[in-house]
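> This is a predicted model, with the sequence first.
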Protein chains: 2
Amino acid sequence: MFELRKEDVGTKARLGTVKTDHGDIETPIFMPVGTLGTVKAVKPEDLVHKIHAQIILGNAYHLYLRPGCDIIEEAGGLHEFMRWDRPILTDSGGYQIYSLSDNRELKEKGAHFKSHLDGSKHLFTPENVVEIQRVLGSDIMMLLDECPPYPCSYEYAKESMELTHRWAKRGREAFLETEPHYNHRQFQFGIIQGGTYEDLRKESTDFMMEQNFEGLAIGGLSVGEPTELMYEMADLNTDYMPADKPRYLMGVGTPANLLNCVALGIDMFDCVMPTRNARNGQIFTRDGIINIRNAQWKNHHKVWDEDFPSDVCQKYTMSYLHHLFRNSELLGLELTSIHNLTFYLWLMEQIRERIQDGTFGSWYKGMAEQVGQKI
Amino acid sequence: MFELRKEDVGTKARLGTVKTDHGDIETPIFMPVGTLGTVKAVKPEDLVHKIHAQIILGNAYHLYLRPGCDIIEEAGGLHEFMRWDRPILTDSGGYQIYSLSDNRELKEKGAHFKSHLDGSKHLFTPENVVEIQRVLGSDIMMLLDECPPYPCSYEYAKESMELTHRWAKRGREAFLETEPHYNHRQFQFGIIQGGTYEDLRKESTDFMMEQNFEGLAIGGLSVGEPTELMYEMADLNTDYMPADKPRYLMGVGTPANLLNCVALGIDMFDCVMPTRNARNGQIFTRDGIINIRNAQWKNHHKVWDEDFPSDVCQKYTMSYLHHLFRNSELLGLELTSIHNLTFYLWLMEQIRERIQDGTFGSWYKGMAEQVGQKI
């Protein structure tokens, strides 16, 4: 499933290809988040032609509740339902159970939770999240895990990790005993936990490797810990991860995070930040981060960057974009959502080119500083 | 400015061309409403390539308040500001003063009003709305008028009409004494008032004709009166209107209204209905009107009409569109907004073709019934 094409010399960055029946994915890659079967405010055609998205995310927790598995199965799977014929990765919903549901209870069997929508009771088990993701038909499915909060005690992190490990064994078994519902292959990724404790992270990495998942994800980060600690944990995890499997750092991050984590050997990223922040008027650019709602843009009658291939940069003036946001016009949300994703995917392409030509190591730190500054 | 190309035999329908420096407009035409310098939820490129909009509307009241005339003037006019290079018609804001502002006072000089946004005080006069629309740079500007409510007494309707007439003279004078701010011609349309009183409507039509405006609008309709009464008044107005000027029925209407009013000799329409109703989940189709939020669509896994050229009809299933609306996804608002406008413009094209080939009279009533039914 994964072809490692190049390893950088000065950093841990890698070039690779993830091969799915819906097409190849060039890594390092960022995956736009389409929680409910739509990347918010963006049309699928713009994902393809403007953003150049190679793979997007769906979320099993959300889709299981709305529209429900029966609807998706009748539709012929998530690809058919949302008219997206490139790869899809689905999260199992573990993270959402902890972040969205007030009434969750973890038992050995699985995670009992009440819907954040209507309070109805549900149970996710390592086995049924495989089944749910068989129904969704994602190209890559994730395990059910527990994602402990930050900070958390060593004891909690260890017990939580051990539960995730027992669930991982059951989930892998369920995956191996079942077949895809549609005419394409599915892969399953393990999720490494262990809080911010080095020995647990190592133990969890070793454990997940033994289960022979098609890929490995680093979970439990980007949950409130300091950025430096996140880098430290990612660095440590990738040291122990095999070279021949794709490495996915879940829920990360800012453009600067992406640059730094690629240098630590990460291949795949997802985050709601480019779209969520777009809807709040935050625009990511080559020069840094702009808040288009700020009064300074009211009279700025020029385009921001006529050489960057997005309408936000080269077609509309800052004054017009400011006007759209000040008046809550939907066009503003769409334009900035498309732009931010275009920027994220452009950044990943730059990263791949730099790894390819051997200049990544001398470039990424300066770039991370540049794209991270507030304008 | 206007070329009358054909008059229908069995009805009062006409084919014509309105010529502006931003391009020709084939009439009868529907004009999508872009109140604040954006047609809500629709990108300009989709207005051109998907919807085939020939002209859009802007609103002087709204744009004067936000972003303000200084910003639009600095931007080089509304076309430049919103990146739209086809014709624009701007309403003077008369209607908005009456419908949005709680604190309005009509005096001979003009309309005093408080902003519906911040309560700030403003005065619109027949002269300064010309100046505002010079700044906006619309291809067609409208007079300041008073739009009386329905129902209203004969006395009120008569006095209101007479005020509108005095303002019309002043507005025309201001127009003739001033020059465009940008490098394209501007035209000015008069607005016929007179409530629902036949003699006043006739008197107002005659008066407006004498001022030699480039076009004539029928105002004061679609304000709550029964549909039949609206048709009656439009019918009566067009009887008295000259054949060689474009006729614009303001604020109308449903697809059935368009068909019936074209038969009464109307050339131009505008209405927020296709976009506003789209945002509420109402979809206009060849077969009638669909409310996509209704439970009946939850399990409808087919596209609605694979032969109609819009994504709502031929790309996405009803089940998926229902899902988007049930979850307030922005993609739903965009898709239905694009679709409804595509449908309106498609309907106008059908109308023009039917007038051209002489089949309009035998077709429009059945079509009005068909497109008006609830599905």
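Sure thing, it's come through.

> Tell me if the helix or strand where A:H62 lies is near chain B.
In the assignment (DSSP states H and E), A:H62 maps to helix A:60-65. No - applying C-beta under 8 Å from any C-beta of the partner chain, one finds that helix A:60-65 is not in contact with chain B, the shortest distance being 8.7 Å. Placement of C-beta: from N, CA and C, glycine included.

> would you put the C-alpha positions of that helix in PDB?
Output for helix A:60-65, consisting of C-alpha atoms alone and laid out as PDB, is shown next (Å, rounded to 0.1, in the frame of the first residue of the first chain):
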ATOM      1  CA  ALA A  60     -17.600   7.800  11.500                       C
ATOM      2  CA  TYR A  61     -19.100   9.300  14.700                       C
ATOM      3  CA  HIS A  62     -20.900  12.100  12.800                       C
ATOM      4  CA  LEU A  63     -22.000  10.100   9.800                       C
ATOM      5  CA  TYR A  64     -23.300   7.200  12.000                       C
ATOM      6  CA  LEU A  65     -25.500   9.800  13.700                       C
END
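
> Next secondary structure element downstream of it?
Sequence-wise, the next helix or strand beyond helix A:60-65 is helix A:69-75, with elements assigned using DSSP H and E.

> For that next one, list the C-alpha coordinates in CSV.
Listed in CSV are the C-alpha atoms of helix A:69-75, where the atom choice follows Å, rounded to 0.1, in the frame of the first residue of the first chain:
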residue,chain,number,x,y,z
CYS,A,69,-25.4,4.0,8.2
ASP,A,70,-28.6,2.8,6.5
ILE,A,71,-28.7,5.9,4.3
ILE,A,72,-25.0,5.7,3.4
GLU,A,73,-25.3,2.0,2.6
GLU,A,74,-28.4,2.5,0.4
ALA,A,75,-26.4,5.3,-1.3
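
> who touches it?
In this structure, residues lying in contact with helix A:69-75 by C-beta atoms under 8 Å, 6 or more residues apart in numbering or on different chains are A:63, A:78, A:81, A:132, A:135-137, A:181, B:298-299, B:301, B:317, B:319-320, B:323.

> by contact count, what packs against the helix holding A:H62?
Here helix A:60-65 touches strand A:88-91, helix A:94-100, strand A:121-124, helix A:126-136, going by 3 or more C-beta pairs under 8 Å, 6 or more residues apart in numbering or on different chains; DSSP states H and E.

> deepest of the ones you listed, which one?
Neighbour counts averaged per stretch over the helices and strands packed on helix A:60-65 are highest for strand A:88-91, at a mean of 28; criterion: mean count of other C-beta atoms under 10 Å in any protein chain shown.

> what distance separates that one from the centre of its chain?
Between the mean C-alpha location of strand A:88-91 and the chain-wide mean there is a distance of 9 Å, by C-alpha atoms, centre = their mean, to the nearest Å.

> still on that earlier bit, just the buried residues of the contacts of helix A:69-75.
A:63, A:78, A:81, A:132, A:135-137, A:181, B:298, B:301, B:317, B:319-320, B:323 (16 or more other C-beta atoms under 10 Å in any protein chain shown).

> closest to A:T227 among those residues?
Of all the buried ones among the contacts of helix A:69-75, the one with the least separation from A:T227 (C-beta to C-beta) is A:L63, at 30.8 Å.

> can you pull the contacts of the closest residue to chain B within the stretch 101-250 of chain A?
Taking C-beta to the nearest C-beta, chain B has its nearest neighbour within the stretch 101-250 of chain A at A:L117, 9.6 Å off. The neighbours of A:L117, taking C-beta under 8 Å, 6+ apart as the test, are A:L65, A:R66.

> May I have the secondary structure class of it?
coil (DSSP: H, G, I helix; E, B strand; the rest coil).

> quick one: stretch A:288-302 near chain B?
Yes - using C-beta under 8 Å from any C-beta as the criterion, contacts between stretch A:288-302 and chain B involve A:K298, A:N299, A:H301.

> What residues sit buried inside that stretch?
By neighbour count, and taking 16+ other C-beta under 10 Å as the criterion, the buried residues in stretch A:288-302 are A:I289, A:I290, A:N291, A:I292, A:W297, A:K298, A:H300, A:H301.

> I'd assumed the second one was in a helix, is it?
Spelled out, it's A:I290. No - judged by three-state DSSP, A:I290 forms no part of a helix; its state is strand.

> Okay, and the nearest residue in space to it that is not next to it in sequence sits in which element?
Here the nearest residue to A:I290 in space, its sequence neighbours aside, is A:I283; by C-beta to C-beta, 6 or more residues apart in numbering or on different chains that works out to 4.4 Å. Taking DSSP H and E as the criterion, the element that holds A:I283 is strand A:282-285.

> Kindly list the longest helix within chain A.
Once chain A is assigned using DSSP state H, the helix that runs over the most residues is helix A:330-357.

> between that one and helix B:330-357, how big is the angle?
Helix A:330-357 runs at 110 degrees relative to helix B:330-357, counting by axes from the mean of the first three to the mean of the last three C-alpha atoms, to 10 degrees.

> average pLDDT across helix A:330-357?
Model confidence over helix A:330-357, given as mean pLDDT, is 98.

> That one near chain B at all?
Yes - when contact is scored as C-beta under 8 Å from any C-beta, part of helix A:330-357 falls within range of chain B: A:L330, A:L331, A:L333, A:E334, A:L335.

> Redo these as CSV? Include neighbour count.
Supplementary listing: the residues of helix A:330-357 next to chain B in CSV, determined by neighbours: other C-beta atoms under 10 Å in any protein chain shown:
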residue, neighbour count
A:L330, 20
A:L331, 26
A:L333, 24
A:E334, 26
A:L335, 26
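
> Which single one of the buried residues of stretch A:288-302 is nearest to chain B?
Using C-beta to the nearest C-beta as the measure, the one of the buried residues of stretch A:288-302 that approaches chain B most closely is A:H301, at 5.4 Å.

> where does that closest one land in three-state SS?
Of the three states, A:H301 takes coil under three-state DSSP.

> show me what contacts it?
When contacts are counted by C-beta under 8 Å, 6+ apart, A:H301 is found next to A:T317, A:M318, A:S319, B:E74, B:A75, B:G76.

> mind running it again at 10 Å?
The neighbours of A:H301, taking C-beta atoms under 10 Å, 6 or more residues apart in numbering or on different chains as the test, are A:T317, A:M318, A:S319, A:Y320, B:I71, B:E74, B:A75, B:G76, B:E80, B:F81.

> Show me which pair in those residues is furthest apart.
Pairwise distances across these (C-beta to C-beta) peak at 14.6 Å, for the pair A:M318 and B:G76.

> Which strand or helix spans the residue nearest to A:A217 when sequence neighbours are not counted?
The shortest distance from A:A217 to any residue that is not its chain neighbour, by C-beta to C-beta, 6+ apart, is 4.2 Å, and that residue is A:Y248. Taking DSSP H and E as the definition, one finds A:Y248 inside strand A:247-249.

> Give me the mean pLDDT for that strand.
Strand A:247-249 shows a mean pLDDT of 98.

> Give the rounded mean pLDDT of the strand holding A:I283.
For strand A:282-285, mean pLDDT rounds to 98.

> packing partners for that strand?
Counting contacts by 3 or more C-beta pairs under 10 Å, 6 or more residues apart in numbering or on different chains; DSSP states H and E, the secondary-structure elements packed against strand A:282-285 are helix A:273-279, strand A:288-291, helix A:311-314, helix A:318-326, helix A:330-357, helix A:360-372.
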